[in-house]
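Participant: Quick check, what structure comes out for this input:
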Amino acid sequence: MRASRLLSILTTLQARGRVTAQVLAESCEVSLRTIYRDIDALSAAGIPVYSERGSEGGYRLLDGYRTRLNGLQPREAEALFLTGLAGPAADLGLGAAMAAAQLKLLVALPEELRAGAERMQACFHLDAPAWFAEAEQPAHLPVIANAVWDRKRLRLRYESWKGERDRLVEPLGLVLKSGAWYLVGQVDSTARTYRISRIRTLDVTDQSFERPEGFDLAGYWRQATRRLEADLRRDRATIRLSPWGAKMLQHFISPYVRAGLQIEDTPDAEGWRQASLPIGSLYEATSDFLRLGAEVEVLEPPALRARMAEAAQGLGRLYGSE
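Facilitator: Predicted coordinates for the structure are as follows:
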């Protein structure tokens, strides 16, 4: 345990520069006294760790000191190469930089870890889009990525379902979801989401901005997606499902709908089971349930049942014999 902690302290100092004993204690989940002993142990081992007093003091390594990557466990070294997502990196304009970084990392690894790292690259590949869908290639993506990094405001014209509008956005981060890229940006102190393929025009301004303290991109995205699902699916439907329909339904619904699905354990005399689940608009729900054909019967709400009957009659007229 101690060897792992010493390595963690060393890599933290190397990555972050000056770090206080309190921060090290919290990250390692040990007491301040333990950190003091660990720093003494590193110094005794010849590691040039220096302490600086004062309000901005802490521990740091001698300028220019670097440790080799020989403290990595085999699985840790292999996992590093799973971060090399070639497709998204290329979309961001970082394909060459990613390849160069991986090469340097591979060279820095001890010989006994290189084979596993190279095998990890050969055995795993990320294909972000869903089946039968292509990844978007938004033209503005590399420019937006630079603006996110440089913290420069963006002036853009965005096309939503309500129409086109001009926005001055503070770009906070980028998200790749099912092959589509999204910009998370702040407008009037509120974080919002923009699909990059819907940005019609874009200008990077000279105006800098301060990133909101404590903003968590991953946390925002989780909350935003849950909120979107809840807003889009405010109503519920009661349906009957054949055995085949119950099985196929699981492949069509989102995780949010799956979490809200209530299905009876005991089938009726015909082997069908009743279920209740969240739905969106009548048009959307009708389209979703039509995918199950005659394996589903909508019971409620009455308006949705009427729309299903109307759609079934239309199909009957379309395919019926003349």
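
Participant: Just confirm Leu228 is within a helix.
Facilitator: Yes: assignment of Leu228 by DSSP: H, G, I helix; E, B strand; the rest coil places it within a helix.

Participant: Please export the C-alpha coordinates of the longest strand seen in the chain as PDB.
Facilitator: Criterion DSSP state E: the longest strand present in the chain is strand 163-177. Taking Å, rounded to 0.1, in the frame of the first residue of the first chain, the C-alpha atoms of strand 163-177 are listed here in PDB:
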ATOM      1  CA  GLY A 163     -36.000  28.600 -36.100                       C
ATOM      2  CA  GLU A 164     -32.600  30.300 -36.400                       C
ATOM      3  CA  ARG A 165     -31.200  32.600 -33.700                       C
ATOM      4  CA  ASP A 166     -28.000  34.400 -33.000                       C
ATOM      5  CA  ARG A 167     -26.200  33.600 -29.800                       C
ATOM      6  CA  LEU A 168     -23.100  34.700 -27.900                       C
ATOM      7  CA  VAL A 169     -21.900  31.600 -26.100                       C
ATOM      8  CA  GLU A 170     -19.200  30.800 -23.600                       C
ATOM      9  CA  PRO A 171     -18.000  27.300 -24.600                       C
ATOM     10  CA  LEU A 172     -17.600  25.100 -21.600                       C
ATOM     11  CA  GLY A 173     -17.100  21.600 -23.200                       C
ATOM     12  CA  LEU A 174     -17.800  19.100 -25.900                       C
ATOM     13  CA  VAL A 175     -19.700  15.800 -25.700                       C
ATOM     14  CA  LEU A 176     -19.800  13.000 -28.200                       C
ATOM     15  CA  LYS A 177     -23.100  11.100 -28.000                       C
END
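
Participant: Could you spell out the sheet neighbours of it, each with its direction?
Facilitator: strand 152-160 (antiparallel), strand 180-187 (antiparallel) (DSSP bridges).

Participant: quick check: mean pLDDT across it?
Facilitator: Averaged across strand 163-177, the pLDDT comes to 92.

Participant: partner residues bridging Glu300?
Facilitator: Under DSSP bridges, the residues paired with Glu300 across the bridge are Thr238.

Participant: mind checking the backbone torsions on Asp150?
Facilitator: Here is the backbone geometry of Asp150 (degrees, to the nearest 10): phi -90, psi -10.
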